[in-house]
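model this:
(2 chains)
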Amino acid sequence: MRETVLKSVHQALGARMVPFGGWDMPVQYSGILEEARTVRSAAGLFDLGHMGRVRVRGGDAEAFLQRLQTNDASQIPPGRIRYAMILDDEGRTQDDILVYREPDGDGFFLVINAGNADRDLGIMRAQAADYSDLELIDQTDELAMIAVQGPKSEAIVSKITDMDLTSVKYYAWARGPILGVGGAVSRTGYTGEDGFEIYLPQDTAVRAWETLLANGKSEGLEPCGLGSRDILRLEAGMPLYGHEIDETTTPLDAGLTFGVKFTHDFVGREALERIQAAGGPTRRLVGLETESRRVPRQGYPIVHGGETVGVVCSGGASPTRGKNIATAYVPHHLGEPGTELGFAIRDKAEPAVVVPLPFYKRAR
Amino acid sequence: MRPNDRQYLKSHEWCKIDGDVATIGISDYAVEHLSDLVFLDLPAVGSTVSAGEPFGEIESVKAVSDIYSPVSGEIVEVNEALPDDLDTLKADAFEAGWMIRVKVSSTAPDLMDGPGYDQHLAAEQG
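Here you go, the predicted model:
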């Protein structure tokens, strides 16, 4: 199992470690719900060293990305970021990624999922053979990745960098000194809150983590694990690979068409167009809320009128809503908000109702 | 150090036998490890339990777990208030957090005493 450079720091903080995407990662420190509330009210500090990070350079970088992924790389201004997916020829999702255009315009930077990183790199290297002026650099081992998420994030991150964070807007990024060392900061995250993801050399990571934690205490900053990150992203309606999206779903099923631009020739485009021409997907991804104390969990059947009609993708106890929530795939005609469905847990059906996604949207 | 006035299963349940009645619950380690409890399902008085078999379910924000019985016998009392007050488990897993009382007909063969259970926990945590 792979370890991030911060593992011993997590252990000293009393974190519980679990395997995730091939990495030994902290799932919680004080408790999942408490950490989730901390991110909503103040700020949380996350180690995201497991995420894959790839630099794409060269004169063919844009052409390569136009083929690789679903968003329109030619329309991303320098210093901006877009959500996208990598599909196969049948339009099935191989990964969801963030595409960063370098602030100086010289190529791109990709953030990919840990569990898919090897497959993604295989796809990228195979496609790269078609281009002569292209450089792919896997920076996962050389860069650390730390997130600060929550309403107090800007005040906290400004304590380790002289970069003007106010000018780094949502889904934008900048390169510059962090603790005097070259790094990068993006205003992105996976929690539904304002926040930053920070990239810096591995040998600066422990110092950055400890400096953030020490200086952020007064703002309420606490270390947070992947458990709280999961419920926060679920509340925010953000998909997790292996749950809402996987090799059996298309972006049309998952309602992720904002990340798909039919302006360029990406792998999977023809398959998506065929599905749309045939009337679109037969199922849809919906939000569910339940009054039950039972937590809907991945794989539980969704029932309606005594029939199994779908399956739960993700579920959890939502500290923000005070109820248990889930995402699920259901037939189109059962996807309207207000539709009463059930989720089956050990042969007992618990009631749930379809609600609009996302479950949580921060006030801006 | 866990109390040595009772016995434990590897799956973190305890039983305290007084005469022919066993009081059964789960250890502080189990409660701590489950974290953020949301649901507890206990059986009714009069039903029977079998040593080493599940008698109830406990659910945390992370997962659903079975609760195994250290003894076989008939349930004579259930801590009815507990499912509605899971904080009691957190505060006092070994006394106020008891779950069921069973008239014992036999016990599981692999019960450990307090020090034995502590040793098992040390090994489990590596």
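
got the contact list for whatever helix or strand A:Pro177 lives in?
According to DSSP states H and E, A:Pro177 maps onto strand A:173-178. With contact meaning C-beta atoms under 8 Å, 6 or more residues apart in numbering or on different chains, strand A:173-178 is reached by A:79-81, A:100, A:102-104, A:160-163, A:167-168, A:182-188, A:198, A:200, A:204, A:208. Yep, even glycine has a C-beta here, placed from its N, CA and C like the rest.

now the longest helix along chain A: average pLDDT?
As assigned by DSSP state H, the longest helix anywhere in chain A is helix A:202-216. Helix A:202-216 shows a mean pLDDT of 97.

need the contact partners of it.
A:4-6, A:9, A:43, A:45, A:47, A:49, A:141-144, A:146, A:148, A:152, A:156-157, A:159-160, A:178-179, A:181, A:183, A:198, A:200, A:221, A:223.

just the buried positions in it, please.
For helix A:202-216, burial by neighbour count (16 or more other C-beta atoms under 10 Å in any protein chain shown) applies to A:Thr204, A:Ala205, A:Ala208, A:Trp209, A:Leu212, A:Leu213, A:Asn215, A:Gly216.

please name the nearest non-neighbouring residue to A:Glu340.
Leaving aside its sequence neighbours, A:Glu340 sits nearest to A:Val353 (C-beta to C-beta, 6 or more residues apart in numbering or on different chains; 5.5 Å).

which residues touch the following helix or strand past the longest helix of chain A?
Using DSSP H and E, the helix or strand that directly follows helix A:202-216 along the chain is strand A:221-223. Under the criterion C-beta under 8 Å, 6+ apart, residues A:10, A:13, A:15, A:26, A:29-30, A:35, A:38, A:42-46, A:148, A:150, A:152, A:156, A:212-213 lie in contact with strand A:221-223.

sheet partners, orientation included, of strand A:221-223?
Partners of strand A:221-223 in the sheet, by DSSP bridges, are strand A:43-47 (parallel).

what about the partner strand, average pLDDT?
On average, strand A:43-47 scores 98.

can I get stretch A:204-213 as CSV, trimmed to CA atoms?
The C-alpha trace of stretch A:204-213 is given here as CSV (Å, rounded to 0.1, in the frame of the first residue of the first chain):
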residue,chain,number,x,y,z
THR,A,204,7.7,20.9,2.3
ALA,A,205,4.5,19.1,3.0
VAL,A,206,5.0,18.3,6.7
ARG,A,207,6.0,21.9,7.4
ALA,A,208,3.0,23.3,5.5
TRP,A,209,0.6,20.9,7.3
GLU,A,210,2.0,21.9,10.7
THR,A,211,2.1,25.6,10.0
LEU,A,212,-1.4,25.6,8.7
LEU,A,213,-2.7,23.7,11.7
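
doesn't A:Val330 fall inside a strand?
Yes - judged by DSSP: H, G, I helix; E, B strand; the rest coil, A:Val330 forms part of a strand.

list the contacts for the closest residue to it other than its chain neighbours?
What sits nearest to A:Val330 in space, not counting adjacent residues and going by C-beta to C-beta, 6+ apart, is A:Gly310, at 4.0 Å. The neighbours of A:Gly310, taking C-beta under 8 Å, 6+ apart as the test, are A:Arg283, A:Pro301, A:Ile302, A:Ala328, A:Tyr329, A:Val330, A:Pro331, A:Leu334, A:Leu341.

want to throw those residues into a markdown table with neighbour count?
Shown next, in a markdown table, are the contacts of A:Gly310 (neighbours: other C-beta atoms under 10 Å in any protein chain shown):
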| residue | neighbour count |
| --- | --- |
| A:Arg283 | 19 |
| A:Pro301 | 17 |
| A:Ile302 | 26 |
| A:Ala328 | 29 |
| A:Tyr329 | 22 |
| A:Val330 | 21 |
| A:Pro331 | 13 |
| A:Leu334 | 19 |
| A:Leu341 | 23 |
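
give the rounded mean pLDDT of the strand holding A:Pro177.
For strand A:173-178, the per-residue pLDDT averages 98.

now it, how far from the chain's geometric center?
Distance of strand A:173-178 from its chain centroid, counting by C-alpha atoms, centre = their mean, to the nearest Å, is 21 Å.

locate the spatially most central residue of chain B within the secondary structure: which element?
When C-alpha atoms, centre = their mean is applied to chain B, the residue found nearest the centroid is B:Gly25 (2.6 Å). In this structure, B:Gly25 sits in strand B:21-26 according to DSSP H and E.

all strands of chain B, in order?
With strands called from DSSP state E, chain B shows them at B:7-8, B:13-18, B:21-26, B:37-41, B:48-49, B:54-60, B:64-68, B:71-78, B:100-107.

what are the phi and psi angles of B:Glu53?
For B:Glu53, the backbone dihedrals (degrees, to the nearest 10) come out as phi -110, psi 150.

the closest residue to it other than its chain neighbours bridge partners, please.
Of all residues not flanking B:Glu53 in the chain, B:Ser69 sits nearest, at 6.0 Å (C-beta to C-beta, 6+ apart). On the basis of DSSP bridges, B:Ser69 is bridged to B:Ala51.

ok, now which ones touch residue 51?
Looking at chain A here, since you left the chain open. Neighbours of A:Met51 in contact, by C-beta under 8 Å, 6+ apart: A:Val111, A:Ile112, A:Asn113, A:Ala114, A:Thr140, A:Met145.

the intended chain is chain B.
B:Ser69, B:Pro70, B:Val71, B:Ser72, B:Ser106, B:Thr107, B:Ala108, B:Pro109.

now these: which count as buried?
Among the contacts of B:Ala51, the ones that count as buried (16+ other C-beta under 10 Å) are B:Ser69, B:Pro70, B:Val71, B:Ser72, B:Thr107, B:Ala108.

can I assume the residue nearest to A:Glu340 sits in a strand?
Yes - assignment of A:Val353 by three-state DSSP places it within a strand.

quick one on the thing from earlier: as a markdown table, the buried residues of helix A:202-216 with distance to B:Tyr8 would be great.
What follows is the buried residues of helix A:202-216, written out as a markdown table (distance: C-beta to C-beta, whole Å):
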| residue | distance to B:Tyr8 |
| --- | --- |
| A:Thr204 | 46 |
| A:Ala205 | 41 |
| A:Ala208 | 43 |
| A:Trp209 | 38 |
| A:Leu212 | 41 |
| A:Leu213 | 37 |
| A:Asn215 | 45 |
| A:Gly216 | 41 |
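
strands along the stretch 251-364 of chain A, start to end?
A:283-290, A:301-304, A:307-318, A:323-331, A:340-345, A:348-355 (DSSP state E, counting those that start in this stretch).

now render those strands as JSON lines, adding mean pLDDT and distance to A:Ala277.
Shown next, in JSON lines, are the strands of the stretch 251-364 of chain A (pLDDT from 0 to 100; distance: least, C-beta to C-beta, whole Å):
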{"stretch": "strand A:283-290", "mean pLDDT": "97", "distance to A:Ala277": "18"}
{"stretch": "strand A:301-304", "mean pLDDT": "97", "distance to A:Ala277": "28"}
{"stretch": "strand A:307-318", "mean pLDDT": "97", "distance to A:Ala277": "25"}
{"stretch": "strand A:323-331", "mean pLDDT": "98", "distance to A:Ala277": "20"}
{"stretch": "strand A:340-345", "mean pLDDT": "96", "distance to A:Ala277": "30"}
{"stretch": "strand A:348-355", "mean pLDDT": "96", "distance to A:Ala277": "28"}
